[in-house]
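[1] heads up, no residue letters with this:
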């Protein structure tokens with residue numbers, strides 16, 4: 001049997017725990033531990049509407065199932081638009097504002113309404129009932145302040161030990177990196193994409209994409225709620241065109257969301273480019289305006305040290321250049337003065353001789 005084949009061993013891998021951080025209405029850290037009893041490994045999720053049952057199941061869809069698998073539709077008759085983004089920010093409903101209806105979120109803004117980063121995690125820990133092997137698969141989500149639906153950053157981890165996602169809180173100020181994950185969970189495997197992560201984890205657990213889609217269909221709460229729907233689906237059957245139409249609409253909505261995300265990022269890049277150019281012009285003008293600030297005298301008349309040092313250095317340079325010429329001129333002047341003294345002495349001698357002759 002190949003690793004990619006579905007291995008029909010019903011009790012090989014069992015979910016031991018599911019740990020969530022900031023996922024939907026699960027604020028902060030929560031851990032769900034289903035039954036692992038060998039005789040009756042069954043756990044019943046029960047509770048009032050909006051109590052978090054579907055949210056807990058959707059965590060498995062987001063983590064383990066193929067990309068694009070729709071979330072559970074049990075809540076609000078499938079009208080809620082669920083995604084990693086809405087779950088990470090904790091969407092609780094829609095409120096009316098001056099600009100129209102806007103979603104309401106538990107996370108993503110501080111008490112003053114300013115955007116702030118949000119991170120979350122989904123961690124499933126499985127145990128092999130045959131070998132006792134432990135396998136943890138984790139998905140870490142991160143949103144920078146002001147990020148939109150298409151900006152969710154994802155990192156995937158596989159580790160042979162239970163993963164405690166709370167240990168990543170020390171890095172919450174910036175998007176998580178593979179280096180941080182490997183430092184926190186030594187010898188773990190990290191994956192930048194869901195495709196690479198699923199390829200590895202499905203192979204390790206003996207799953208496949210088809211098996212996951214079948215499991216999702218079994219778990220799906222998209223059941224007919226009206227008698228007409230039951231008759232159409234059970235007696236008349238559902239035309240294939242309807243499924244194709246739904247797929248087309250879902251593809252269009254996904255492509256439309258991606259297009260708007262790309263358009264928003266393009267506008268951001270144009271804005272940032274303008275800011276960068278304006279800042280360059282500002283920096284150049286500022287440099288020209290402050291070019292002479294180092295030599296500007298103080299208000300009290302004190303000469304700046306840099307100006308004093310510059311003046312002294314300039315004077316020392318000028319003196320060093322002029323000193324040889326001045327020394328040569330001094331020597332010439334001394335020689336001329338010495339010659340003149342000799343001539344003066346000769347003249348005095350001759351005058352004395354003439355006076356003697358005149359008196360004699």
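    It's in. On a predicted model such as this, the values are computed, not experimentally measured, just so you know.

[2] tell me the mean pLDDT for the longest helix that the chain contains?
    Criterion DSSP state H: the longest helix present in the chain is helix 305-359. Throughout helix 305-359, pLDDT has a mean value of 88.

[3] what's the answer for stretch 276-293, then?
    Rounded mean pLDDT across stretch 276-293 is 83.

[4] swap in stretch 107-118?
    Mean predicted lDDT for stretch 107-118 stands at 90.

[5] straight-line length of it, end to end?
    Terminal residues of stretch 107-118 lie 7 Å apart, using Cα to Cα, to the nearest Å.

[6] can you give me the buried ones in it?
    107-108, 117-118 (16 or more other Cβ atoms under 10 Å). C-beta here means a position set from N, CA and C on the backbone, and glycine is covered the same way.

[7] show me what the longest helix of the chain packs onto, helices and strands only.
    On a contact count with 3 or more Cβ pairs under 8 Å, 6 or more residues apart in numbering; DSSP states H and E, helix 305-359 meets no helix or strand.

[8] okay, and which of the buried residues of stretch 107-118 map to helices?
    Those of these lying in helices (DSSP H): none at all.

[9] can you tell me which two in the residues you listed are farthest apart?
    For the buried residues of stretch 107-118, the maximum inter-member distance is 9.7 Å, found between 107 and 117 (Cβ to Cβ).

[10] residue 92 - that's part of a strand, no?
    Yes - counting by DSSP: H, G, I helix; E, B strand; the rest coil, residue 92 falls inside a strand.

[11] unless I'm mixing things up, it is touching residue 104, no?
    Yes - contact status for residue 92 versus residue 104: in contact at 5.2 Å, counting by Cβ atoms under 8 Å.

[12] any low-confidence regions in the chain?
    1-11, 73-80, 221-239, 292-301, 303, 360 (pLDDT under 70).

[13] can you give me the helices in it?
    Using DSSP H, helices in the chain cover 53-64, 84-89, 178-184, 194-205, 209-219, 227-231, 240-289, 305-359.

[14] and of these, who's closest to residue 99?
    Taking Cβ to Cβ, helix 240-289 is the member of the helices of the chain nearest to residue 99, at 16.7 Å.

[15] and the closest one, how far from the chain's centre?
    17 Å (Cα atoms, centre = their mean, to the nearest Å).

[16] how about stretch 24-43?
    31 Å.

[17] and it, end to end?
    21 Å.

[18] mind listing what residue 284 touches?
    Residues counted as contacts of residue 284 (Cβ atoms under 8 Å, 6 or more residues apart in numbering): none.

[19] show me the domain layout of this protein.
    13-223, 224-291, 299-355 (automatic domain parsing).

[20] what are the buried residues along stretch 339-347?
    Under 16+ other Cβ under 10 Å, stretch 339-347 has no buried positions.

[21] contacts for it next, please.
    With Cβ under 8 Å, 6+ apart, stretch 339-347 has no contacts at all.

[22] check the offset of that stretch from the chain's centre.
    95 Å.

[23] and the closest residue to residue 14 other than its chain neighbours, how many neighbours does it have?
    Closest residue to residue 14 apart from its sequence neighbours, by Cβ to Cβ, 6 or more residues apart in numbering: residue 36 at 5.3 Å. Here the number of neighbours of residue 36 (other Cβ atoms under 10 Å) works out to 14.

[24] just confirm residue 36 contacts residue 128, I think it does.
    No - here residue 36 does not reach residue 128: they are 11.7 Å apart, not a contact under Cβ under 8 Å.

[25] which one of the buried residues of stretch 107-118 sits closest to residue 57?
    For these, the nearest to residue 57 is residue 107 (20.8 Å; Cβ to Cβ).

[26] returning to what we had before: tabulate the buried residues of stretch 107-118 (TSV), appending distance to residue 197.
    Below are those laid out as TSV (distance: Cβ to Cβ, whole Å):
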residue	distance to residue 197
107	24
108	25
117	23
118	21
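
[27] return the closest of these with respect to residue 30.
    When these are ranked by distance to residue 30 (Cβ to Cβ), residue 107 comes first, at 14.3 Å.

[28] identify the residues contacting stretch 111-124?
    15, 17-23, 59-60, 62-64, 87-89, 107-110, 136-146, 163-165, 168-169, 172-174, 176.

[29] take those and keep only those in strands.
    Among the contacts of stretch 111-124, the members falling in strands are 15, 17-23, 136-143 (criterion: DSSP state E).

[30] out of these, which end up buried?
    15, 17-23, 136-143.

[31] between the residues you listed, which sits nearest residue 244?
    residue 139 (30.5 Å).

[32] residues contacting that closest one?
    Residue 139 sits in contact with 62-63, 121-123, 154-157, 197, where contact means Cβ under 8 Å, 6+ apart.

[33] select from these the one having the most neighbours.
    Compared across the contacts of residue 139, residue 121 has the highest neighbour count, 27 neighbours, by other Cβ under 10 Å.

[34] spatially nearest residue to it (excluding sequence neighbours)?
    residue 165 is the one closest to residue 121 (Cβ to Cβ, 6+ apart), at 3.7 Å.

[35] just to check, that neighbour is in contact with residue 29?
    Yes - at 7.4 Å, residue 165 and residue 29 qualify as touching, with contact defined as Cβ under 8 Å.

[36] higher neighbour count, these two?
    residue 165 (24 against 14).

[37] roughly how far does the more buried one sit from residue 181?
    Residue 165 sits 11 Å away from residue 181, going by Cβ to Cβ, to the nearest Å.
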